[in-house]
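A.B. asks: next come a sequence and a model predicted from it.
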Amino acid sequence: MSGIFEYNGGSIVGMKGKNCIAVACDRRFGQQMSTITTNYQKVFKIQDNILLALSGLNTDIHTFYALMEKEINLYNLKENRKMKPTTFANLVASALYERRFGPFFVTPIVAGLENGKPILATYDSIGCKSDLDDFQVGGTGGNYIYGACEAFFKPDMSPEELEEVIGQSLVSGCDRDALSGWGGVVYVLTEQKITVKILKTKQT
Amino acid sequence: MQYLDNYLQSKGGYDYTNVKRNELMKAQGFKEMGFTKTGTTIVGVIFDGGVVMAADTRATAGSIVADKNCEKLHTLAPNIWAAGAGTAADLHHQCAHFNAKLKLQRLNLNRQSRVNEVITKLTTKLFPYRGHIGVALIIGGIDCNGPQLASVSPHGNYVYHPFQSMGSGSLAALGILEAKYQDGLTKQQAIDLAIEAIEAGIFHDMGSGSNVDVVAITKDGVDYKRNIRSYNAKSHQKQIPYDFPINNTPALRKYQFDIEKQELSEIGQEMEIIE
């Protein structure tokens, strides 16, 4: 058997733009070499200005998302206000580190907009937050998407251009990974709206 | 229902609810993914009147560079800094935890934090975990006992020495330090020596790279220079950047969620939608 992170497969990528931010994911849900469904959701809306993308073991994606939804709902009820994206990014790191010796097998990407400024953070499975780069990747196809991102990425892109670039990076990367692909979804977050684009790729 | 009880009982500290499941998976033959480690070269040098600490900025996940410019110099107190090697998540969270703990202590006692307090607290925390918390730290600071520099290993061992290096590049750095260290250096000499030691680590160790961060701690304050040297700048720029035409990637469907109106609508008449 291969690694735990390779059991279900899947890739995610996040990219910063000018006053906007985008995340994209593939749609495959598999069990090792079999594909179970091709419409699996891996990006979740935590708040109007925060998206959480998760890759790794699908059962832990579900559990971790449920845990984060619980946290943000309790926060909204207790504090009677929205959570800032930087606060949520730290919350994800702490929630992962709490399970340091029995970790969730997920590698999350948090994407948000705080006062127009894009916030992007990625983590390893125990909560090491990395938020300095302009793009982040996760999942089995992550390393291939890294290559495409390094080539295609430009700083300060508009939302429309960002949507193209992140879509192309995701698809190029997933084409080289057997465990990712079967469609792609691109989410672009701006101050006014969230656009969701379901890409046509090979075998969709 | 027991899972709900476990969540409700969570009183802080580590949560071990997933351990049994993970052990079972490992017994079935699954391999875990490696954690982000900071391959790292970190050094500390004592000079006349203070301490200099320096670190590289590369974080690795296996053989991939996970972060090209991560910060390895952490503040523990206004007069005490830590440079960390080992598992990146452990370093970040333990340093944040001790920072908060020391601040609370300063507020309670109204006294400056001391380096030997930090060492004692760290080692008494790390020893019971038998090295599983993977932090290898160099702690440097200046307090009422003068400038002090110590290194702490993940198992809870500590050593005081006028110059230290840790991490995968420590041997390369130690060569420079052993050859060139003298007692009674000036601040600038110590900074130059620390940078040279990190450079040795960056060039000779695959786990270290990118840039050099330096911090100099004296009685007058802290001088933090982020990315004082940069070796990994992109050597070429794309002559003709890729310019993707807008709305070119074919889509099956396209939706838009308007945040102010809180409405979801389907859009995309202006582009080719494939049924």
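C.D. replies: Sure, I can see it.
A.B. asks: ok, residue 102 - contacts?
C.D. replies: Picked chain A for this. B:D15, B:Y16, B:T17, B:N18, B:V19, B:K20, B:R21, B:N22 (Cβ atoms under 8 Å, 6 or more residues apart in numbering or on different chains). (C-beta placed from N, C-alpha, C; glycine too.)
A.B. asks: try chain B instead
C.D. replies: B:L76, B:A77, B:I80, B:S113, B:E117, B:V118.
A.B. asks: the third one contacts B:Q112, correct?
C.D. replies: Right, B:I80. No - applying Cβ atoms under 8 Å, one finds B:I80 not in contact with B:Q112, separated by 9.2 Å.
A.B. asks: in terms of neighbours, single out the busier of these two.
C.D. replies: B:I80 (27 against 15; other Cβ atoms under 10 Å in any protein chain shown).
A.B. asks: chain neighbours aside, what residue packs nearest to the more buried one?
C.D. replies: B:G141 (3.2 Å; Cβ to Cβ, 6 or more residues apart in numbering or on different chains).
A.B. asks: give me the number of residues near the one you found?
C.D. replies: Counted with other Cβ under 10 Å, B:G141 comes out at 27.
A.B. asks: what about the residue most central in space within chain A, is that helix, strand or coil?
C.D. replies: For chain A, the residue nearest the mean C-alpha position is A:A53 (2.6 Å; Cα atoms, centre = their mean). Under DSSP: H, G, I helix; E, B strand; the rest coil, A:A53 falls in the strand class.
A.B. asks: any idea how far A:Q47 is from it?
C.D. replies: With distances taken as Cβ to Cβ, to the nearest Å, A:A53 is found 14 Å from A:Q47.
A.B. asks: how about low-confidence regions in chain A?
C.D. replies: Scanning chain A for pLDDT under 70 picks out A:1-2.
A.B. asks: what's B:L193 sitting at in phi/psi?
C.D. replies: Dihedral pair for B:L193: phi -60, psi -40, per degrees, to the nearest 10.
A.B. asks: and the stretch 101-250 of chain B, which residues reach chain A?
C.D. replies: Listed as neighbours of chain A in the stretch 101-250 of chain B under the rule Cβ under 8 Å from any Cβ of the partner chain: B:H132, B:I133, B:K238, B:P241, B:Y242, B:F244, B:P245, B:I246, B:N247, B:N248, B:T249, B:P250.
A.B. asks: how about CSV for those, with distance to B:G209 and pLDDT added?
C.D. replies: Shown next, in CSV, are those (distance: Cβ to Cβ, whole Å; pLDDT from 0 to 100):
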residue, distance to B:G209, pLDDT
B:H132, 27, 91
B:I133, 25, 92
B:K238, 23, 68
B:P241, 26, 74
B:Y242, 27, 78
B:F244, 31, 87
B:P245, 37, 88
B:I246, 37, 87
B:N247, 39, 83
B:N248, 37, 84
B:T249, 34, 86
B:P250, 40, 85
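A.B. asks: ok, of the residues you listed, which come out buried?
C.D. replies: In those, burial by neighbour count holds for B:I133, B:F244, B:N247, B:T249, counting by 16 or more other Cβ atoms under 10 Å in any protein chain shown.
A.B. asks: A:L113: what's it in contact with?
C.D. replies: A:N19, A:C20, A:I21, A:N49, A:P85, A:I119, A:L189, A:T190, A:E191.
A.B. asks: list the buried residues for the strand or helix carrying A:L74?
C.D. replies: For A:L74, the host element (DSSP states H and E) is helix A:58-79. Neighbour-count burial for helix A:58-79, counted by 16+ other Cβ under 10 Å, picks out A:N58, A:D60, A:I61, A:F64, A:Y65, A:M68, A:E71, A:I72, A:Y75.
A.B. asks: repeat that for stretch B:42-55.
C.D. replies: So stretch B:42-55, judged by 16+ other Cβ under 10 Å, has buried residues B:42-47, B:49-55.
A.B. asks: my read is that B:L126 contacts B:A136, right?
C.D. replies: No - when contacts are counted by Cβ under 8 Å, B:L126 is not listed as touching B:A136 (10.0 Å).
A.B. asks: common neighbours of these two, please.
C.D. replies: B:V152, B:P154.
A.B. asks: in chain B, where is pLDDT below threshold?
C.D. replies: B:1-12, B:33-34, B:37-38, B:235, B:237-239, B:268-275.
A.B. asks: select the longest strand from chain A.
C.D. replies: Longest strand in chain A, counting residues (DSSP state E): strand A:106-114.
A.B. asks: ok, that strand: who's next to it in the sheet?
C.D. replies: strand A:50-56 (antiparallel), strand A:117-123 (antiparallel) (DSSP bridges).
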